[in-house]
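Participant: Curious how this folds, go ahead:
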Amino acid sequence: MKIKLTDENLELYAAKHYYNPKYIDVEEFNEDLKRFKYIKRLFKRYEETGEISERLTLNHLIVVFNAFGIKPTLEILELKMDSTDWPVLKPFLIFLKYIRNDQYTMIPMDPVVVEVLRKI
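Facilitator: Next comes the predicted model:
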C-alpha cells in the first residue's frame, strides 16, 4: 500500500530514501533537505528578476537526486513545488535526464530556461 506524501510525513519519507555514504550526522541530512527550499527560492528570484542561476540550480538538483534517488526526489518536488515552478523546473530535469520528454507532458517549459540550458 502506497502512502500519500504530505508535509507531515515528508521528513520520514526523505530519511527512508536518504543515501549518503559519508553520512556524519542529522545536520547533513537536514542541509540536503533544505536544498528543496533553496531551489524554490532560486525559482522565485528568477520570477522576480528574469535572471536564472542555472549552475547553482543544477548543483542543488544534482545533490538532492544523488542523496534521495530519482523517484523519491521527483515525489518530493511534486509536493514542494508550486505549479508556477514546474515550467522552470522541467527543462532542468530533462537536461539532467531525470525525466524523459514524454513525462509531465501537461507542463509547458519556460523558453528562457530552455535556451540557457542549450548553451551549456
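
Participant: Downstream of the top helix by length along the chain, the next helix or strand is which one?
Facilitator: For the chain, the longest helix by residue count, based on DSSP state H, is helix 26-49. Note on helix 26-49: by DSSP states H and E, the next helix or strand toward the C-terminus is helix 54-68.

Participant: CA atoms only: put that following helix into PDB for me.
Facilitator: In PDB, the C-alpha atoms belonging to helix 54-68 read as follows (Å, rounded to 0.1, in the frame of the first residue of the first chain):
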ATOM      1  CA  GLU A  54      21.300  27.900 -13.800                       C
ATOM      2  CA  ARG A  55      24.600  26.400 -12.500                       C
ATOM      3  CA  LEU A  56      23.500  26.800  -8.800                       C
ATOM      4  CA  THR A  57      20.100  25.300  -9.700                       C
ATOM      5  CA  LEU A  58      21.800  22.400 -11.400                       C
ATOM      6  CA  ASN A  59      24.100  21.900  -8.400                       C
ATOM      7  CA  HIS A  60      21.300  21.700  -5.900                       C
ATOM      8  CA  LEU A  61      19.300  19.400  -8.200                       C
ATOM      9  CA  ILE A  62      22.200  17.000  -8.700                       C
ATOM     10  CA  VAL A  63      22.800  16.900  -4.900                       C
ATOM     11  CA  VAL A  64      19.200  16.100  -4.000                       C
ATOM     12  CA  PHE A  65      18.800  13.500  -6.700                       C
ATOM     13  CA  ASN A  66      22.100  11.800  -5.600                       C
ATOM     14  CA  ALA A  67      21.100  12.000  -1.900                       C
ATOM     15  CA  PHE A  68      17.500  10.800  -2.200                       C
END
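
Participant: Looking only at that helix, what residues are buried by neighbour count?
Facilitator: Across helix 54-68, burial judged by 16 or more other Cβ atoms under 10 Å covers Glu54, Thr57, His60, Leu61, Val63, Val64, Phe65, Ala67, Phe68. In short, each C-beta sits where N, CA and C put it, glycine included.

Participant: could you measure the fourth one against Glu115, distance?
Facilitator: When Cβ to Cβ, to the nearest Å is applied, the distance between Leu61 and Glu115 equals 18 Å.
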